[in-house]
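Chemist: Let's see this in three dimensions:
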Amino acid sequence: MTHAEESKSGEARLSDDIPTLEAEAAQLTLERERTAKRVRELMEAENPKEGIYHHKEIFELQQQKLRLDVDIKFRTNKINRITLGIEEGGPSEGLEKGFLF
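Modeler: Below you'll find the model as predicted:
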């Protein structure tokens, strides 16, 4: 599948290169930290007495932070699968032997 086809399908394929995955995870971690810091700043800036609320921005940033958490976890899991030599998408060993678990 080419990069253009991946973009159209919405399924971006992660690299099989551990240093690349580690670099991406580090970049995403920095972005997550900046997002969390911005959420804290907006929460501190709210003033209910004066009617100053940032609920929409806070909610959107929290969603972004959760998305970043998932992206980091995907990369960490991919690194672990590569390190352990586990093939992607194949049936588990138990299923091949007729066991569900």
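
Chemist: isn't residue 62 right up against residue 39?
Modeler: Yes - counting by CB atoms under 8 Å, residue 62 does reach residue 39; the two are 6.2 Å apart. Placement of C-beta: from N, CA and C, glycine included.

Chemist: Pick out whichever of those two has more residues nearby.
Modeler: residue 39 (19 against 13; other CB atoms under 10 Å).

Chemist: which residue sits closest to that one in space, ignoring its chain neighbours?
Modeler: Using CB to CB, 6 or more residues apart in numbering and skipping residues adjacent in sequence, the residue nearest residue 39 is residue 61, 4.9 Å away.

Chemist: How many residues are close by the one you found?
Modeler: Neighbourhood size, residue 61 [other CB under 10 Å]: 20.

Chemist: got it, and residue 57?
Modeler: By other CB under 10 Å, the residues close to residue 57 number 13.

Chemist: So it sits against residue 42, correct?
Modeler: Yes - counting by CB under 8 Å, residue 57 does reach residue 42; the two are 5.6 Å apart.

Chemist: how far out from the middle of the chain is the helix or strand hosting residue 29?
Modeler: Residue 29 belongs to helix 18-45 when assigned by DSSP states H and E. On the basis of CA atoms, centre = their mean, to the nearest Å, helix 18-45 sits 11 Å off its chain's mean C-alpha point.

Chemist: Report the residue spans of the protein with pLDDT below the cut-off.
Modeler: Residue ranges of the chain with pLDDT under 70: 1-12, 88-101.

Chemist: mind listing the helices in it by residue range?
Modeler: Counting by DSSP state H, the chain has helices at residues 3-9, 18-45, 55-84, 93-96.

Chemist: Buried residues, the third one. List them.
Modeler: Yep, that's helix 55-84 we're talking about. 58, 61, 64, 65, 68, 71, 72, 74, 75, 78, 79, 82 (16 or more other CB atoms under 10 Å).

Chemist: Same question for the second one.
Modeler: For helix 18-45, the buried set under the neighbour-count rule, 16+ other CB under 10 Å, comprises 21, 24, 25, 28, 32, 35, 38, 39, 42.
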